[in-house]
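Novice: any chance you can model this:
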Amino acid sequence: MSAITEDKDSRRSTSGDEPTAELKYTIQDCIDDGEARLLLLATAPSTYIVAGKTLVQKSRSHDPRGGGAWKCSVSYGRRKTEKETGESSYQFEIGGGNAHITQAIAQTKFPATAPDVKGAIGVTTEGGVSQVAGVDIDAPTYAWSETYYLAIGYVTAAYKAMLFAVAAAPVNKYAFRGFQAGEVKFNGASGQQRGEEDWAVTFKFEASPNATGLAVGDVTGISKKGWEYLTVLYEDKSLGTPKKIVPVPVAVYVNQVYTESDFALLCIGV
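Specialist: Residues are numbered from 1 along each chain as shown. Predicted structure coming up:
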């Protein structure tokens, strides 16, 4: 299994008006050039502080030494006004999405003798058949994107195939960006080459909170992850005075509809 360690002579730096720094690493048991690139990208910090000044990555190199060994170097310098290779930017959007619900948070009956439908919304009975229509409501969403400026050698066919694999299993298997497992969905990535030196790659995410202690009618103790879907089974019962046939929730199903993956594969940190 490939492993990367920082060298003893790493972290050399210079101060002054234009401080610099260099981190050195050694990779073992790695025969694939693309894997070595990704391992270095995932390990080396995007910024480094020298004399109180934050430096950004200027260049990365990984040179084969034979036998699966690689000598790697990452250099750091002052941040420029324009984004450079190794830097990143972050954008977010909080707004309203749309959700269809069939159960009310609270429900008041008029008259008081009306059948108790356990919070079901839009109950109708026609021809002896009961239905729950539900209602569309606004649902808050939290979406964000992160743009990374990656050296051209890192955006290989293997790297793009890895992005596709994560997009095919788009929910986080482990904690990510402060969210619990199951709360974040990866909505894909887009890349644009900037000249002959690097790529601007934008990663898109959306969050939906996990929930515990939910109740639907008399069914309690329900838990669901953010991107799982909850459905309700209704059963016709004779309720109220006078008696009427109405659908009442008797079972709840929590459905996994997306496969999970490890977002560490994106190589942008967790």
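
Novice: how much space separates the residue nearest to the spatial centre of the chain from Gly213?
Specialist: Closest to where the C-alpha atoms of the chain average out (CA atoms, centre = their mean) is Val184, at 3.5 Å. Per CB to CB, to the nearest Å, Val184 is found 22 Å from Gly213. (Glycine included, C-beta is placed from N, CA and C.)

Novice: the residue nearest to the centre of the chain contacts Glu206, correct?
Specialist: Yes. Counting by CB atoms under 8 Å, Glu206 is a contact partner of Val184 at 7.3 Å.

Novice: give the buried residues for stretch 206-216.
Specialist: Glu206, Ala207, Ser208, Val216 (16 or more other CB atoms under 10 Å).

Novice: who's in contact with it?
Specialist: 103, 118-119, 141-144, 179-180, 182-185, 187, 220-227, 230, 232, 249, 252 (CB atoms under 8 Å, 6 or more residues apart in numbering).

Novice: select only the buried ones of those in PyMOL?
Specialist: A single PyMOL command selects the buried members of these (16+ other CB under 10 Å):
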select buried, resi 103+118+119+142+143+144+179+182+183+184+185+224+225+226+227+230+232+249+252
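
Novice: low-confidence ranges, the stretch 151-270 of the chain, go.
Specialist: Along the stretch 151-270 of the chain, segments meeting pLDDT under 70 span 195-196, 240-241.

Novice: what segments of it are strands?
Specialist: According to DSSP state E, counting those that start in this stretch, the stretch 151-270 of the chain carries its strands in the segments 171-172, 184-194, 198-207, 211-216, 219-224, 228-239, 244-256, 260-261.

Novice: my read: Ala189 touches Leu163, true?
Specialist: Yes. Here Ala189 lies in contact with Leu163, judged by CB under 8 Å, at a distance of 5.0 Å.
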